[in-house]
Each structure stands twice: as structure tokens, then as C-alpha cells.
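J.: below are the sequence and a predicted model; questions follow.
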Amino acid sequence: MEQLESEVPPLPPRFRFRDLLLGDQSFPNDDRVQVEFYVNENTFKERLKLFFIKNQRSSLRIRVFNFSLKLLTCLLYIIRVMTDNPAQSAGASHSAYVLFPVFAQVIVAIISFLETMLLMYLSYKGNIWEQIFQVSFLLEMINTVPFIITIFWPSIRNIFIPVFLNCWLAKCALENMINDVHRAIQRTNSAMFNQVLILICTLLCLVFTGTCGIQHLERAGKNLSLFTSFYFCIVTFSTVGFGDVTPRIWPSQLLVVIMICVALVVLPLQFEELIYLWMERQKSGGNYSRHRAQTEKHVVLCVSALKIDLLMDFLNEFYAHPRLQDYYVVILCPTEMDLQVRRVLQIPLWSQRVIYLQGSVLKDQDLLRAKMDDAEACFILSSRNEVDRMAADHQTILRAWAVKDFAPNCPLYVQILKPENKFHVKFADHVVCEEEFKYAMLALNCVCPATSTLVTLLVHTSRGREGQQSPEQWQRMYGCCSGNEVYHIKVCDSKFFGEYNGKSFTYASFHAHKKYGVCLIGIKREDNKSILLNPGPRHIMASTDTCYYINITKEENSAFIFNQEEKKGGPAGGLFDGPSQLPVHSIIASMGTVAMDLQNTTPPDASVGKLVPPTVNGAGSRRPSIAPVQELADSASILPCDLLSDQSEDDSVFTDEKGHSSTEYVKGYPPNSPYIGSSPTLCHLLAEKAPFCCLRLDQGCRHNSFEDAKAYGFKNKLIIVSAETAGNGLYNFIVPLRAYYRPRKELNPIVLLLDNPLDSLLQCGIIYADNLVVVDKESTMSAEEDYMADAKTIVNVQTMFRLFPSLSIITELTHPSNMRFMQFRAKDCYSLALSKLEKKERDKGSNLAFMFRLPFAAGRVFSISMLDTLLYQSFVKDYMILIARLLLGLDTTPGSGYLCAMKVKEEDLWIGTYGRLFQKLCSSSAEIPIGIYRTESHIFCTSESQVSVSVDDCEDTKDKGDESRNNDPSDHPLLRKKSMQWARRLSKKSVRWQGASRDSSKENAQRIAQQRLNLYRRSEREELSELVRNRMRHLGLPTSGYDEQNDHQNTLSYVLINPSPDTRLELNDVKTPTIRRPPMSKNLVTVGRKNSLLTGKNLWQNQA
């Protein structure tokens, strides 16, 4: 082995690393061989072939030359025919002018012949006969060889040569030239363009061939001119056939027959191909031209599947803004356009402004068709009907990346379904996460009623004309206030706020509302990108500040008539000040402030929920006065706002709670975020991590023996969340309810219910719950029909609604049209009347036709698809997403307020009007009200027979009707006659009795039917109540709480956004949302994760 190793030769010098570095390549005995590539192309034939055929640009020049040559031959033929004199003998001498076309034809024929032979030689592939018998080669020989022969045989120079057949060779040369043009400029050839070109060329060649042939053959007959022959061909091919010009000799007649037969065969084939390509182009949508993209503005809408609802929502909202009327919308979708979308896009209103392209966003070719690099914006929407919502987000992410890679300067507006995928599209200009907004609105609906309705109405474009023709006062008020939106303007450019430069924000907000009826809600400094909602009286207005306000329209569209303010206020007040003798409940929505109280520095527990009137001389003998809003905040009346300072009033409230000490709860940031990109929010947390066993509400453990909600003895009402799985979206539900600015005494226990049979509902304390939130529709996303995705949610809500009629049930649906099934009553004529009203508003073009549905108006249901308009509005109002996130508590900005509710009791009605309430809140606690949530007692017709009589019958049988209603405990004692008349007028089931006298037997039968229906209703309700009581007894639960429940079905609720200052506060107003000073704590701690996965029974309580 040692000998063999010693005999191993050393490496040659060329393999040494030193030589490789130094570049020493002078090796002895080098055995390398030099190889030359593409040697075959060095031959003369290959070089000619490269020049004439292979090279794109040189080949294009040859095609252009050949096309020009063929056109020249046709032109020379026409000149020769026009200068030829048939009467002249063959032997007569010709002038130089006459002989010039002949010599030119000979020269052109020689060039064409040589070119044809050269191309035949270069394209030879082994079969000479195949090339010889080609139609193009035969035509070349017929049109060139006779001219060459005449050079050597002068006696046949007058022989007729059909040179006009070169038009067909010109047609072939033009087709090849167009192909080379597209290949040379690296552009995809348009099949539609080629087919149209071929059809036009075929028609021209047929007409030219027939004209020249008939003219030549008729020289032996009538001697027709070229124009007469052209006229004859046009009349013949158009099937008109006047008969004034006809061929006289049989050769010309035979040529006409041949030409007609060729036209009948060739033209239908060309038209068929053209129609087929046109239909295919209609499916794919064609292209958006570069010229239009550079001269006109357009946006691109990218979706995976285009549905009619999504399309109409986008178009109605996008074109609602006057500035966008001249924009074009290019829709890029991978699927074929369905029939409904096709019908809509054929409407003249949309056909001139909407362009549908079938293609994929992931293909640069399709993005080029849509001219994405020239687009003003690109909207990328997710498919919320997909079974796998995570897969839908993945597709959206890839689309966003593709657009950003192709057009980095194009603004991106992206919609994401799952919050954990949001960080992948962080580069987009605007992002809306569906689950974030959905769970945040569900949570705030529990503490601030109708928050979802408030936000939905704010992000929809409306002029406030919905319901103005209705006889119902609440519909007129509600429809008028729904036209309020959020606008912005700089202080220096504003008449609304320009006069308040140098004054406090609270002063500007109150006086702008009092004087102009606008509600100033936020501000943004010029040197700060953050928007502050109600920064409080410590913020002094500057001329460079940007104001955000709520109004029916923006200031630029407003007219100022200062000398008629009182006259203007009269009718507006009349709209909202209608007298009512019914008990009315209201909730006033407002936004609190981070600043402290101005006039009252006492702890909030002494005044929160009660606006105590000031006493005058120790007695209430005259109307109490409200302190004025100060122009500048008094530093003595404003306590320092320290984010880490303890709030004694909050701690004192907390220490009074039974069984707890003030050291168990602290304020801090959640230690573990469920997904990347979640906004950190300061919350109420447990000082120590709760054991997993204590999270089970239905099972006792070694720490406690409680097995139902009643045993825990919660002071506040429960909030129950019924869901299929404990997903990451619940984080956005819990955080707003546990935010640091919520007083501890107002925190509601949250119970997560992963299954909702009756026993589980009763165990988790549904009879002690204030709100039940239902989000269990994930499993129904696989329904074949899109609108069935809400089926499970609707049926579950209806079941709970029948079992627990007094429970406030809040849910979210995929499709807004399904809201009509919420709290469904089969024979509710009032709902039928609302359906008629909704159809009328939709026919008028309203974007908010669904707003009069009672569950939506009350904030019990909303559709997250309504928030698609939030993304669309961001194209014009780039601040809308940020303001919506601040209102919903998804983002927190230091110094910014938050949305909350304030209770107004009967003792507070001394305030009188909404304007005085605005002043009271601004002067005492610096809070900005933004609306009223009102609940009215209302009677709903549940029987068809109740509306089957006319107005006269109702008046004649008034006493009898009162008797029957008094005998029915299920009916409310108050009946609004106007509502009954309106329901009868809109319902088609009303029967007009003819004649002055009516049969008493029919009245008796009607009364008996009504009593039978009431008995049926009572029996059904009693049966359901007995079922619930039996189950509670079986589980060992007391039934007292369920027995005390009342049926509040005969009420309706609605929200009034920024009502008139003259709007009167009604009797028994209940609540009102405000911006309060958020209490903070020094004890910022970190705790362990509490959102553990569940096993066993599906009950979990979040005690944080």
C-alpha cells in the first residue's frame, strides 16, 4: 500500500490553486481542443436564410417590400387598362406614355420572379413538388413568366396577363407582415384583429378580381369601364341586383358565376370564425387600451368570483362620490362572467364605465391587459364564501404580491378575512380585516347598543332621503339622520370651524353643532399623522389642524344663510319634535375624552349615569341652567392626565365587589398575542394566571365548587358568546370589553359557549345574560348556494328568540338580504309593510334599502359585507379606516377618546333637548355626543285578519277591538293607529268590503278567528316556557329568573346620528354613549396565556 501511494503522480500544474489565482495558463502538453459553434450558419445559404426568414426585423422589411411590390403590380395594371385603347390596332405605334406601364410591369415581374425563386430555394425541405404546386407559387408564375417571355418574343407583348390576381398575393404578404410586426415588437397577436383584417382583405380581393376580370372579358362585348365593372360587382355581391348593368358574353357570365360561388363559400367561413372569436373575446373581456389608460383615469377591481351583490355594492358606493364620475372600473376576474353580471353591465349606466376582463392577477400578461401600472388604485377583495377562509386569504396575499411586483406605485386596497394573515399585506396602502371589525362590532354592541348600525350608516354614502315619504315618524327621523357621514377640512379653509381658531376643541365642537348642526369628533395636527377623537378641552385649535366632523354633506356643498337661521331651524325641529304619548327609551351615542371633568371634579361614581340639575338658591323653583362651555380650559379644573396614575374612584368601586380584593386585578398589556400584527391594548388583567380547571364554568374543581352561572353570583349581566370554535378572532371581541378605559364596576363576565343545546344555555346562565352573541356559521360555508351560508345562524337565533324572548341576541350574517329572516314572524304584517318599503327604496336607487329592517335598526344584526364600503370609501377618504378602528377600539392613540355609553335617567329630562344635553356634556365632562339610540313601544300586527278590514271598519268596531285586545294578555295595551293604517295600506292582503252594510256573521267569524289565533299564540308560548322550566328543574337551577322575564317584542329601536339640536329628549331615556377619561393603573404586569384549548364539555369563562 505504501508503494502504491508513493507512485501516485503529482497534480499537473493547471490544477494548482496558486496558478488558478495567478492566471498562469501556459501549461505544457495542453490537450484542450477549441470548438467552434454555429459553423453551419456561416454558409452563404444560412446567411441568406437568416436575413430573409429567421431574423425578425430583416424579415419584416422583406415582407413590407413584397407587399409593396404586389400593390404596385395591381396599380400598374389599372393604369395600363385606363390608358389602353381597344380600338387601336395591334401593329400601331404606341406613345411613350402608353409603353411606360408595360416596361414597368416587366421590371416588377422580373424582381418578383427572382425573389420567389430565392425564397423557394431557401425554404426547400426535400420535397420540390410540394413547393411547386402551392397556390402562391403558381400565381407568381402566371403573373411573372409571361412578362419575361415578352422580352425575347415581342409579338406577344399585347397578350392579356391576369396581373390583378396579385391582389391575393398581396393579401398573403399582408398577413405575414402583421405576424412579423407583432413578433418584432414582442406583442401578442390579436386573433380578433387578424380575423377582421383577413375578412376585409378577402372582400377587397373578391371585388377587385371581379371588377378587373369582368372589365377585361367585356371588351369583346359592351366594353365596360373599370368603374362600371366595380359598380356591377358591388350591386351583385350585396344581393341587390338592379339589372341596369349585365354581362353580355358567356366568359364574363361564367366568371360572375364562379365569383358568386367563391363568395358563398369563403365569406361564411370567415364570418363564422369572426363570430366565434368575438364570442370568446366577450368571455375574456378584451383589453383596456393603453391610450385610454393614459388619457383617462381607471381603477382595477380584482376578485376571485364576481357576484352581483358585490358588484352593485362596489359600483353604487364608488360612483356615489361626484369626483369619481369620470373614472372607469376595470374588473379582473379569473372566472367567466355570469348571466346576472352580464345583464347589469349591459345597462347603459354601467356599460360605458365598467370593463370586464377575464384573467388572473398572477399573470403579468393579464395585468398588462388591465393596464395595472397606469391605474389610480387596485382593490383586492377576498372570497368570504369560501369553505377554507385561510385558503381564500392565501389567494388574496398572492394577488397583492403580484400587483405590488408588477406596479409598485399603484395604491393597494386589500381585504383580508383572518387577522393572522394581515401582516403579509402590511405594505398595502389600506387594509381591512373582516374578523377584526366583525368581533369588535359584536363586542361594542353589548356595551354601546347599535354600534354596528352606527358604523354601517357612517360608512355608506346617502343623502338622507330614505323613508321621507313614510307616514311613520321614526322612519323619517331615522332615514334623515342616516345621511350623516364623516368629512374632513382644515381649520383655515373652514367656515364651520375657522372662527374657533385658538379656542379649545370642546368649545369648537359644541358651538359648531349649535350654530351649524355639525358634530366635530376628531382632529389631526399638521406635524402628527395620528387622528385624535375628542382630545378634550386641553387641545387648542390651530389653523393648520385638520377637523373631522359628522354632517349630512361636506362643507363645500353647503350654503350659509346666516340671517335665516331661526327659519331654517323651525322645520328641522318639527321633524324631530313630534309629540308622542308613548313611553320612549333612548340611548345617546357619544365619545368621551381623555381629559378630566371641567366643572365637576368629584369622583365619577357620584355623577356617572345621572346628569344632576344644579340647584338655584337651594330650591328648584325655576328651570335649572347649564354651565357654559369655556373657550379655554381652566388649568385648575383639569386634573393631570397620567397614564400610570391610579384612579381612586375606580379602585374604590372594585374593592366593594364581593369576594375579591383590589390586588387581584391590574392593568397591563396582554402578554401573548394570538397572531402577528395585533394592536397592543392596555386591558384589565388578572395578576396571576388562572388555573385551567377554573375556566370550566359547568364543572367544579379544587379551587371552587361552582357548576353554573348562578352560583358565581355575578353582579353584572353576563355576555355569552356562542361559537363553533375558540378562534383567534375572539381576541378582538374580548379586548374592547376588557379595555383599560372601561370602569371595573361595568365589566361584564364573558362566557364562551362552544355548543348551544338547551341544557348548556341554561347552565351558562342565559337567563342572567344581558346579551347573547352568535357566531356559528363557519360550518355552513360549504353550502352550494351562497345565500345558505347563514342558514345555521338564522335558525339558531330564531330558536333562542322563541325560547328567551326578552334576551338581546346579536349576530352577524354574510348576506344583508338574509336580515329579513332575523326574529322571523310568519304572520307579522308590519314586517311585510317594511318589506314593501325596502323594495320601494331599492327601486329609488338607495344604497341603504335594508336599513329599515327592525333587527338591523336596533343593532341586533349586521352584515360584515356592509363594511366593504369602508374599503371603497378609503379611496376618497383615506382616513375612514383609521377613524373606524378608533371608534371600535381596535387601535388606541395616546390622547384620543373612545366610544362608550352613558345612562340618562328620568331625573335628567330637565335638560330638555339634545342641544342642551350637548352643552351639559361638553361643559361638565368634555364629552361629545354623536347620536341617540331610541327605543319606542310599538304594536305589531301578527294576524292577517287584523289588517283585513278597512279604516271605516276599524272605527266602527273600535270598542269591540279594544275588548278583544284587553282579553289578550300577549298584546300591548297601546296601539298606534297610524302604524296600523300604514301597514294596511302597504299590505296587499287587505280586503275591501263592498257596500255600506256588512254581514254580522262575517264579523263574528273574524272575531272568533282572532281569538283562536291568540289562544294558539298563548298556548305555544306557555308550552315553550314550560319546556324551559322543566329543564331548569332537571338541572337543579332556580326558575325565578326565567319567570321574571318579560316579552319585549312589541318595541322597536333605532339610532339617530347627529340629530338636530332641537330634538327633544323623550320620557324614560335610558342610555347614552360618551368619551370618558380612560382610567389607568401603575401596575403594568404580564400574565400567562388564558386562552387554552378546551376539552370535554364546551363551556369556558374568561374571568380576566
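T.: Okay, I see it. Numbering: from 1, shown residues only.

J.: contact partners of stretch 201-220?
T.: Here stretch 201-220 makes contact (CB atoms under 8 Å, 6 or more residues apart in numbering) with 74, 77-78, 81, 86, 160, 162, 164-165, 167-168, 171, 174-175, 224-226, 228-230, 232-234, 236-237, 247-249, 251-252, 255-256, 259, 262-263, 266-267, 270. Glycine gets a C-beta too; all of them are placed from N, C-alpha and C.

J.: so Asp868 sits right up against Tyr413, yeah?
T.: No. When contacts are counted by CB atoms under 8 Å, Asp868 is not listed as touching Tyr413 (10.5 Å).

J.: before we move on, the earlier item: please check the contacts of stretch 201-220 and keep the buried ones.
T.: Among the contacts of stretch 201-220, those buried by neighbour count (16 or more other CB atoms under 10 Å) are 74, 77-78, 81, 164-165, 167-168, 171, 174-175, 224, 228-230, 232-233, 236-237, 247, 252, 255-256, 259, 263, 270.

J.: which residues does the residue nearest to Gly498 when sequence neighbours are not counted contact?
T.: Counting by CB to CB, 6 or more residues apart in numbering, Val491 is the residue found nearest to Gly498 once chain neighbours are left out, at 6.0 Å. Val491 sits next to 497-498, 500-501, 541-547 when contact means CB under 8 Å, 6+ apart.

J.: mind checking which of the residues you listed land in strands?
T.: Of the positions in the contacts of Val491, 546-547 sit in strands, assigned by DSSP state E.

J.: which strand of the protein spans the most residues?
T.: strand 928-937.

J.: starting at the chain centroid, how far to it?
T.: Its chain's C-alpha centre and that of strand 928-937 lie 29 Å apart, by CA atoms, centre = their mean, to the nearest Å.

J.: tell me the mean pLDDT over it?
T.: For strand 928-937, mean pLDDT rounds to 87.

J.: relative to it, what are the paired strands and their orientations?
T.: According to DSSP bridges, the neighbouring strands of strand 928-937, each with its direction, are strand 584-591 (antiparallel), strand 1051-1057 (antiparallel).

J.: which of the ones you listed has the lowest average pLDDT?
T.: The stretch with the lowest mean pLDDT among the strands paired with strand 928-937 is strand 584-591, at a mean of 40.

J.: I'd guessed His460 sits against Leu848; true?
T.: Yes. If you go by CB under 8 Å, His460 and Leu848 touch, sitting 5.5 Å apart.

J.: what is in contact with the two at once?
T.: In contact with both His460 and Leu848: Ser482, using CB under 8 Å, 6+ apart.

J.: now a PyMOL select for only the buried ones of the contacts of Val491.
T.: The command below creates a PyMOL selection of those among the contacts of Val491 that count as buried (16+ other CB under 10 Å):
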select buried, resi 497+498+500+501+541+545+546+547
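
J.: format the contacts of Val491 as a markdown table; extra columns: pLDDT and distance to Val361.
T.: What follows is these, written out as a markdown table (pLDDT from 0 to 100; distance: CB to CB, whole Å):
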| residue | pLDDT | distance to Val361 |
| --- | --- | --- |
| Phe497 | 92 | 43 |
| Gly498 | 90 | 46 |
| Tyr500 | 92 | 48 |
| Asn501 | 91 | 48 |
| Met541 | 92 | 45 |
| Ala542 | 92 | 44 |
| Ser543 | 92 | 45 |
| Thr544 | 93 | 40 |
| Asp545 | 93 | 40 |
| Thr546 | 94 | 35 |
| Cys547 | 94 | 38 |
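
J.: just the contacts of Val491: which are in helices?
T.: The subset of these located in helices under the criterion DSSP state H is empty.

J.: so which of the contacts of Val491 is the closest to Ile521?
T.: Taking CB to CB as the measure, Ile521 lies nearest Cys547 of these, at 8.9 Å.

J.: quick one: contacts for the closest one?
T.: When contacts are counted by CB under 8 Å, 6+ apart, Cys547 touches 488-491, 494, 496-497, 520, 522-523.

J.: looking at the residues you listed, which is nearest Glu1023?
T.: For the contacts of Cys547, the nearest to Glu1023 is Gly522 (52.6 Å; CB to CB).

J.: my guess is the closest one contacts Leu532. True?
T.: Yes. Under the criterion of CB under 8 Å, Gly522 is in contact with Leu532, at a separation of 6.0 Å.

J.: so which of the two has more stuff around it?
T.: For Gly522 versus Leu532, the count of surrounding residues by other CB atoms under 10 Å is larger for Gly522: 27 against 24.

J.: the more buried one bridge partners, please.
T.: On the basis of DSSP bridges, Gly522 takes part in beta bridges with Leu533, Tyr548.

J.: still on that earlier bit, overlap in contacts, Gly522 and Leu532.
T.: By CB under 8 Å, 6+ apart, the residues touching both Gly522 and Leu532 are Ser896.
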